[in-house]
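Colleague: from the sequence below, what's the structure:
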Amino acid sequence: MSDTPVATKRRIRRAARVMLFDGAGRLLLFRFTAPGRTPFWATAGGECDPGEDFFDAARRELFEETGIVAEPGPPIHARGNDFVTFGGEPVTADERYFRVVVEAAPLEDIRVDTSGHTELERAVMREHRWFSRSELAAWHEPIFPPDLLDLLDREPLS
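Modeller: Residues are numbered from 1 along each chain as shown. Down below sits the predicted model:
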């Protein structure tokens with residue numbers, strides 16, 4: 001038996017992430033928790049369905065994870081990284097980030113409806129909250145992507 005590691009081919013996981021802002025510029029993040037993993041915060045979003053483009057996936061994921069119907073703007077960031085899904089599958093992510101701003105007066109009227117979450121999402125997405133820029137900069141738990149603060153003012157991709 002050889003001690004040489006065998007390279008495994010990772011599936012490309014195409015996903016759309018939604019940076020959802022309220023009228024005060026606060027960003028909505030979800031806290032993910034799972035056994036054996038450090039809790040972390042991330043934007044709404046998820047894998048593209050077969051035949052779905054990134055834009056349509058962003059719109060669908062926004063509604064499924066927040067209950068909010070809105071049109072995403074053009075993508076502001078493209079990112080790739082390797083990770084292991086909550087289901088245990090090693091994948092290479094091909095992600096696009098979209099910005100959505102929801103205006104409401106008063107801001108407390110923005111209700112996040114998580115009833116569209118899948119069983120897995122209900123198990124791992126334990127809470128959500130709106131973060132100001134200063135709260136993001138000082139937050140005590142990991143936030144993904146690690147360069148999220150740099151994306152806040154990013155212009156759309158050309």
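
Colleague: for Leu151, give its distance to Pro145.
Modeller: 7 Å (Cβ to Cβ, to the nearest Å). For the C-beta atoms, the positions are set from N, CA and C on the backbone; glycine is no exception.

Colleague: Pro39 too?
Modeller: 16 Å.

Colleague: so which of those two has more stuff around it?
Modeller: Pro145 (17 against 13; other Cβ atoms under 10 Å).

Colleague: can you tell me the SS state at the spatially closest residue to that one that is not a sequence neighbour?
Modeller: Using Cβ to Cβ, 6 or more residues apart in numbering and skipping residues adjacent in sequence, the residue nearest Pro145 is Arg79, 6.1 Å away. Here Arg79 takes the strand state, with states given by DSSP: H, G, I helix; E, B strand; the rest coil.

Colleague: this protein: helices as residue ranges?
Modeller: Along the chain, the segments classed as helices by DSSP state H run 54-66, 119-124, 133-138, 148-151.

Colleague: now the ones you listed as a markdown table including distance to Phe21?
Modeller: Shown next, in a markdown table, are those (distance: least, Cβ to Cβ, whole Å):
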| stretch | distance to Phe21 |
| --- | --- |
| helix 54-66 | 12 |
| helix 119-124 | 21 |
| helix 133-138 | 10 |
| helix 148-151 | 12 |
